[in-house]
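[1] For reference, the sequence and a predicted model appear below.
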Amino acid sequence: MFKEFKEFAMRGNVADMAIGIIIGAAFGKIITSVVSDILMPPIGLLLGKVDFSNLYLNLSGGEYPNLAAAKAAGAATINYGLFINTIIDFVIVAFVIFMLIRQMNRVKRQPAPVAAEPTTKECPFCLSNIPLKASRCPQCTSEVK
């Protein structure tokens, strides 16, 4: 069983997949930082100095000045601001992956098939199609060169 696992793990596809997952995780962290540190502050400022990461609904009934205080007190909260950030993260990552796959598909497209060699020719007298090797037209019986 160990030998089978070693063969599986050493295949090129598994290594490629592992590299893709590691790069994807790093890319996800970059996008999360872009959303929370670059995109959301100006949007929050435009919407009246709102910090999206601090938006929550308190389900426990107590009063807390911010999400960190509610979490420290162990209050049950619905963190819809963080959810909005996560949705924006997802949309950006999905769009980037879409653009990447789209470009890869453009590069991979198969070339147009080459036209097949003709198997017939046209009789110059009656304009009917005849085999290439024919010396007489079967329609008008003219000699074709």
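    Alright, I've got the coordinates.
[2] tell me, how many neighbours does the closest residue to residue 118 other than its chain neighbours end up with?
    With CB to CB, 6 or more residues apart in numbering as the criterion, residue 118 has its nearest non-adjacent residue at 7.0 Å, and that residue is residue 132. To be clear about C-beta, it is placed using only N, CA and C from the backbone, and glycine gets the same treatment. Residues contacting residue 132 under the criterion other CB atoms under 10 Å number 9.
[3] Torsion angles phi and psi at residue 130?
    As for residue 130, its main-chain torsions (degrees, to the nearest 10) stand at phi -130, psi 160.
[4] Return the residues in contact with it.
    Residue 130 makes contact with 120, 121, 122, 123, 137, 138, 139, 144, according to CB atoms under 8 Å, 6 or more residues apart in numbering.
[5] and the residues you listed as CSV, adding distance to residue 73, pLDDT and secondary structure?
    Listed next are the contacts of residue 130 as CSV, based on distance: CB to CB, whole Å; pLDDT from 0 to 100; DSSP: H, G, I helix; E, B strand; the rest coil:
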residue, distance to residue 73, pLDDT, secondary structure
120, 88, 91, strand
121, 91, 91, strand
122, 91, 91, strand
123, 96, 91, coil
137, 99, 91, coil
138, 98, 90, coil
139, 97, 88, coil
144, 99, 86, coil
